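1. sharing a model that was predicted from the sequence below.
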Amino acid sequence: MNNIKTIGIILLVSLITSCKNKEKTAVNNESAEKLELHKEVTNSNIEAFIEKMINEEHFKGVVLVTKKNEVIHAKGYGMANDTVKNKISTKFHVASITKQFTAAAIMQLVEQNKINLEESINKFLPAQYRSDKWDIVTVHHLLSHTSGIEDYAVVRDYYNVVKGFCLGNTVDGMIKEAMPKELEFYPDSKFNYSNIGYTLLGEIIQNITGEPYRDYLKTNVLEPLEMHASFIHTTDYEASNDEAIGYRWDNEQHKHVLDDIVSLPVTEPDGNLVTTLNDFLKWTNIYIENEQPILQKESLKKMITSYAETGKTGPDGNLEGYGYGLFLSKELISHTGYIVGFRSHFIVNPKENIRIVVFSNNVSMSPKDVSSGIYKIISAKLGA
């Protein structure tokens with residue numbers, strides 16, 4: 001009899017445990033499903049603010065806001081190109097938001113003991129790009145914009161650039177121009193945002209892996225995160241109908257016109273990512289979830305550690321620092337992006353699980369103003 005009672009109790013406990021596990025799985029699946037963008041969602045307070053930004057700043061683009069694994073606003077504004085409106089599925093060039101992806105790729109190679117953050121970049125760069133001026137510059141310095149390597153100039157005779165994107169031998173020319181120059185300051189003594197630092201990180205990735213940067217990123221970062229609509233703009237790039245093209249606001253014509261203003265040329269690892277709201281939402285999971293498929297916890301911790309003060313304030317009004325491809329202020333993770341025709345900004349508050357993403361195809365306004373304004377609304381209205 002005692003044996004029968006014992007067996008009954010075991011079966012009952014097993015049944016209860018099984019039910020609880022199923023409930024937990026259902027909750028997890030429900031949360032994951034909520035974070036997939038299938039349709040536009042409108043929050044009246046956020047919509048009123050964006051309409052204000054449209055009227056005052058001529059904003060056009062897409063906006064995503066989530067809190068506690070719930071999409072509370074997701075919408076497109078204005079035209080993506082001459083014939084198609086911006087939608088939540090529209091693909092955008094996001095410029096320097098790319099840098100955190102490059103940082104993640106570097107950290108993967110650190111985990112594999114193929115790169116040491118504290119060793120000279122000359123050990124990891126291809127032979128043709130090693131400079132005696134860079135013996136004291138480490139991989140850490142490149143990641144944190146504390147290397148002292150002078151950024152590339154706006155105009156050079158060797159530049160072959162279309163709409164801001166580097167073609168031909170432009171990257172080779174930029175690196176070789178930088179190699180003989182003295183450092184602007186001793187590494188780690190100062191913060192100075194330097195795009196060429198991330199260009200060099202891309203060269204390190206290619207040299208260590210033997211793969212083109214865009215291929216490594218696709219296989220080891222984008223695909224594991226199921227970012228299937230995302231890719232790196234390369235020299236053979238042709239825009240598709242579901243992509244936004246870049247504009248600026250013309251006060252004389254009182255309309256958006258194609259952006260033709262000269263700006264820094266963009267290289268693949270420092271600013272060539274093309275993505276969507278849904279794909280970028282998947283990326284931000286790495287800052288929210290305990291487990292994700294591309295980085296170890298220690299690597300992610302290093303990425304979101306501040307190593308230098310930028311001298312600026314973050315979206316929350318607090319002083320901003322810089323980690324690896326990320327601006328950091330108090331509890332917020334963020335970054336800007338700015339290239340010909342496109343500007344972008346995102347904010348993640350991991351503690352409160354708040355995510356705000358703004359991609360714009362109008363360079364005549366600040367998407368950081370949009371995201372920061374929305375963050376204030378979320379903090380006030382939703383108890384962040």
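-> Perfect, thanks for sending it.
2. residue ranges of the helices in the stretch 101-250 of the chain, please?
-> Remark: helices assigned in the stretch 101-250 of the chain by DSSP state H, counting those that start in this stretch are 139-143, 170-178, 195-209, 213-217.
3. for the chain, what helix or strand is lowest in average pLDDT?
-> Lowest by mean pLDDT, DSSP states H and E among the helices and strands of the chain is helix 2-34, with a mean of 41.
4. could you point out which element follows that one?
-> Downstream of helix 2-34, the next assigned helix or strand under DSSP states H and E is helix 44-57.
5. for that following helix, list every residue counted as buried.
-> Across helix 44-57, burial judged by 16 or more other CB atoms under 10 Å covers I46, F49, I50, M53, I54, E57. Where C-beta positions appear, they are placed from N, C-alpha and C, glycine not excepted.
6. show residues contacting it.
-> When contacts are defined by CB atoms under 8 Å, 6 or more residues apart in numbering, helix 44-57 is touched by residues 59-60, 63, 65, 72-73, 75, 77-78, 364-366, 369-370, 373-374, 377, 381.
7. any idea of the mean pLDDT in it?
-> Mean pLDDT, computed over helix 44-57, is 97.
8. for the helix or strand that it is followed by, name the packing helices and strands.
-> Of the helices and strands lying after helix 44-57 in sequence (DSSP H and E), the nearest is strand 61-67. Strand 61-67 is packed against helix 44-57, strand 70-77, helix 277-288, strand 354-360, helix 367-381, with contacts defined by 3 or more CB pairs under 8 Å, 6 or more residues apart in numbering; DSSP states H and E.
9. turn the buried residues of helix 44-57 into JSON lines, columns for distance to I88.
-> Putting those into JSON lines (distance: CB to CB, whole Å) gives the following:
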{"residue": "I46", "distance to I88": "14"}
{"residue": "F49", "distance to I88": "18"}
{"residue": "I50", "distance to I88": "14"}
{"residue": "M53", "distance to I88": "18"}
{"residue": "I54", "distance to I88": "17"}
{"residue": "E57", "distance to I88": "21"}
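10. with adjacent residues omitted, what lies nearest to S299?
-> For S299, ignoring the flanking residues on the chain, the nearest one in space by CB to CB, 6 or more residues apart in numbering is M107 at 4.0 Å.
11. okay, which residue is most central for the protein?
-> I97 (3.3 Å; CA atoms, centre = their mean).
12. quick one: that one and D270 touch, right?
-> No: the pair I97 / D270 is not scored as a contact, 10.6 Å apart, by CB atoms under 8 Å.
13. quick one on the thing from earlier: the residue nearest to the centre of the chain should be in a helix, yeah?
-> Yes: I97 forms part of a helix when assessed by DSSP: H, G, I helix; E, B strand; the rest coil.
14. show me the contacts for the nearest residue to it once chain neighbours are set aside.
-> Counting by CB to CB, 6+ apart, I97 lies nearest to G337, which is 4.4 Å off, once chain neighbours are set aside. Shown in contact with G337 (CB under 8 Å, 6+ apart): H93, V94, A95, S96, I97, T98, G271, R343, S344, H345.
15. and the fourth one, how many neighbours?
-> This means S96. For S96, the count of nearby residues is 20 (other CB atoms under 10 Å).
16. make a PyMOL selection of the buried ones in the contacts of helix 44-57.
-> A single PyMOL command suffices to select whichever of those are buried according to 16+ other CB under 10 Å:
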select buried, resi 59+60+63+65+72+73+75+77+78+364+365+366+369+370+373+374+377
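17. I figured Q292 was touching W283, is that so?
-> No: using CB under 8 Å, Q292 makes no contact with W283, being 9.7 Å away.
18. against S230, how distant is the residue nearest to G246 when sequence neighbours are not counted?
-> The shortest distance from G246 to any non-neighbouring residue, by CB to CB, 6+ apart, is to G341 (1.1 Å). When distance is defined by CB to CB, to the nearest Å, G341 is 18 Å away from S230.
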